[in-house]
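> One predicted model, sequence on top.
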Amino acid sequence: AMAQAALGAAGLHFDELNKLRVLEPEVAAQTAQLREECRAFVDKTAEFQKIVGSLIEVVDQLAKAAESEKMKAIGARNLLKSIAKQREAQEQQLQALIAEKKMQLERYRVEYETLCKIEADQNEFIDQFIFQK
């Protein structure tokens with residue numbers, strides 16, 4: 001016991017296997033426990049980094065998918081706008097055609113009325129010519 005005290009004063013200790021150690025057994029045990037806790041902490045940190053990495057990947061994929069859908073939506077909207085403009089232009093062409101045909105119809109109506117009047121005048125002339133004989 002006295003030898004142990006003398007060794008202890010010199011900073012040397014025996015462990016449970018009676019091996020000579022520089023650290024006190026209690027300090028050595030705490031150090032080992034701390035090492036294990038640190039190792040577990042490092043493992044958990046690495047696992048957390050993996051999880052965060054895969055989460056970032058998923059978020060990136062979702063962002064890309066959202067961007068792709070947004071571009072599709074913009075394309076569809078632009079297509080609809082151009083179709084609407086085409087329809088508008090078609091409608092204007094048809095309105096112009098209708099106006100043109102209406103004018104043509106009016107010309108034909110006037111021409112028909114004129115021809116009817118000429119026919120009536122000629123029939124009247126023929127009737128008078130026949131009665132004179």
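Arrived safely, thanks for sending. If you're wondering where the values come from, they're calculated on a predicted model, not measured in any experiment.
> where do the helices sit along this structure?
With DSSP state H as the criterion, the chain has helices at 2-9, 25-132.
> Let's have those in CSV, adding distance to residue 18, mean pLDDT and mean neighbour count.
Glycine gets a C-beta too; all of them are placed from N, C-alpha and C. Putting the helices of the chain into CSV (distance: least, C-beta to C-beta, whole Å; pLDDT from 0 to 100; neighbours: other C-beta atoms under 10 Å) gives the following:
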stretch, distance to residue 18, mean pLDDT, mean neighbour count
helix 2-9, 11, 70, 10
helix 25-132, 11, 95, 10
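> which stretch among those helices comes nearest residue 19?
Among the helices of the chain, helix 25-132 comes nearest to residue 19, with 10.3 Å by C-beta to C-beta.
> hang on, the earlier thing: want to throw the helices of the chain into a markdown table with distance to residue 19?
Formatted as a markdown table, the helices of the chain follow (distance: least, C-beta to C-beta, whole Å):
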| stretch | distance to residue 19 |
| --- | --- |
| helix 2-9 | 12 |
| helix 25-132 | 10 |
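> Name the surrounding residues that touch stretch 49-61.
By C-beta atoms under 8 Å, 6 or more residues apart in numbering, no residue outside stretch 49-61 reaches it.
> Nice, that's everything, thank you.
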